[in-house]
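1. My questions are about this predicted structure, shown below with the sequence.
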Amino acid sequence: MKEKSNGSKAGKRLRIALLVLGVAILAAFATLIPTLSPETPGMKSIGGAYVTVYYEREEAAAQDVFTLMNAQSEHIAEMLGFDSPQDIKVYVYDDQSTFQTKKYGLVALLLNMDWYIGDNRGTNVLLTSPANPGSAHTYDSVKNSGPHEMVHAYNSLLNKNMSLWVNEGLALYLANGDPRDDLYSTSYFVPSIEQTHTLNPVEFNEVGGYDFAYTYIEYLDETFGWEHVVSFARTNDYLDAFGEDEASLYDGWVDFLKTNYR
């Protein structure tokens, strides 16, 4: 009787554990439901040759996003070595919270990322509407992030393993980056070479990546030439593209900052 009772208790504990695991899996899946499709019900579209913008209610803002991105599509494609612009789909959401959940699921609502207004999933660009920019942005700063996110869309075709540092640097350099002239002299620190390796967009923001990554691409362009930058963006190979290792390039970039951003 005692052995039977122990076996019954073990079986009950196993069933409870499996039930808890099942509930946890279902809860995790439920948080990701918004990411399954970039569209929201009733979205309308503005179509062009290379860019299609889908929007909810804020039509005028969506039209502004379309006009800007459509005008820059050919230039961005050419700069990144494409023979012609690619088919880019842009989803503009009236609320910042909708955009964030479309990228990361419902967990995004807990992260307090008021600065986070645009991203991509492959060649799909996800964007907060300029009409509702949130507390950390303006109409124009959100609108101008459209071409920035389009560069990310092209980068996803160029190299799926591109680092966050280079990916953001290219988007800033080709679209909407404009670091202040005294960036080096007024900054508390310059990101370390280890910090430039981060894959975490929150950490990237906290270490000043949205200012400094632009200047890294600028340094590479002015020192080695744009064709070498594009070659590196495709391959991640420092030595092949520039003839120097990453550590040497990092030191050269810091010297560039000291000279040009005092």
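-> Cool, the structure landed.
2. Show me where the protein has its helices.
-> For the chain, helices defined by DSSP state H occupy the ranges 2-32, 59-79, 96-104, 139-158, 164-171, 183-186, 201-206, 209-224, 226-235, 238-242, 246-260.
3. wait, which of these is closest to N132?
-> Minimum separation from N132 across those (CB to CB) falls at helix 96-104, 6.7 Å. Backbone N, C-alpha and C define where each C-beta goes, glycine included.
4. Which elements pack onto that closest one?
-> On a contact count with 3 or more CB pairs under 8 Å, 6 or more residues apart in numbering; DSSP states H and E, helix 96-104 meets strand 88-93, strand 118-121, strand 124-128.
5. Partner strands of the last one, with direction?
-> With DSSP bridges as the criterion, the sheet partners recorded for strand 124-128 are strand 88-93 (parallel), strand 118-121 (antiparallel).
6. Would you mind listing the buried residues in that strand?
-> N124, V125, L126, L127, T128 (16 or more other CB atoms under 10 Å).
7. Determine which stretch of the strands paired with strand 124-128 is the most buried.
-> strand 88-93 (a mean of 25; mean count of other CB atoms under 10 Å).
8. hang on, the earlier thing: could you dump the helices of the chain to JSON lines with mean pLDDT?
-> What follows is these, written out as JSON lines (pLDDT from 0 to 100):
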{"stretch": "helix 2-32", "mean pLDDT": "66"}
{"stretch": "helix 59-79", "mean pLDDT": "96"}
{"stretch": "helix 96-104", "mean pLDDT": "95"}
{"stretch": "helix 139-158", "mean pLDDT": "96"}
{"stretch": "helix 164-171", "mean pLDDT": "98"}
{"stretch": "helix 183-186", "mean pLDDT": "91"}
{"stretch": "helix 201-206", "mean pLDDT": "92"}
{"stretch": "helix 209-224", "mean pLDDT": "97"}
{"stretch": "helix 226-235", "mean pLDDT": "98"}
{"stretch": "helix 238-242", "mean pLDDT": "98"}
{"stretch": "helix 246-260", "mean pLDDT": "97"}
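9. For W115, which of the ones you listed is the nearest?
-> Closest among these, once you apply CB to CB, is helix 201-206, at 6.3 Å.
10. Off-centre distance for that closest one?
-> Taking CA atoms, centre = their mean, to the nearest Å, one finds helix 201-206 lying 11 Å from the centre of the chain it belongs to.
11. coming back round to it: please identify the deepest-packed of the helices of the chain.
-> The most buried one of these (mean count of other CB under 10 Å) is helix 164-171, showing a mean of 24.
12. helices or strands up against that helix?
-> Here helix 164-171 touches helix 139-158, helix 201-206, helix 209-224, helix 226-235, going by 3+ CB pairs under 8 Å, 6+ apart.
13. again, only this time at 6 Å
-> Judged by 3 or more CB pairs under 6 Å, 6 or more residues apart in numbering; DSSP states H and E, helix 164-171 is in contact with helix 139-158, helix 209-224.
14. which other residues reach that helix?
-> H148, V151, H152, N155, T196, L199, F204, G209, A213, Y214, Y216, I217 (CB atoms under 6 Å, 6 or more residues apart in numbering).
15. can you redo the residues you listed as CSV with distance to M113?
-> Listed next are the contacts of helix 164-171 as CSV, based on distance: CB to CB, whole Å:
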residue, distance to M113
H148, 16
V151, 21
H152, 17
N155, 21
T196, 21
L199, 16
F204, 12
G209, 14
A213, 18
Y214, 21
Y216, 23
I217, 24
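16. Same list (the helices and strands packed on helix 164-171) but as JSON lines, adding distance to F242.
-> JSON lines is the format used below for those (distance: least, CB to CB, whole Å):
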{"stretch": "helix 139-158", "distance to F242": "17"}
{"stretch": "helix 209-224", "distance to F242": "5"}
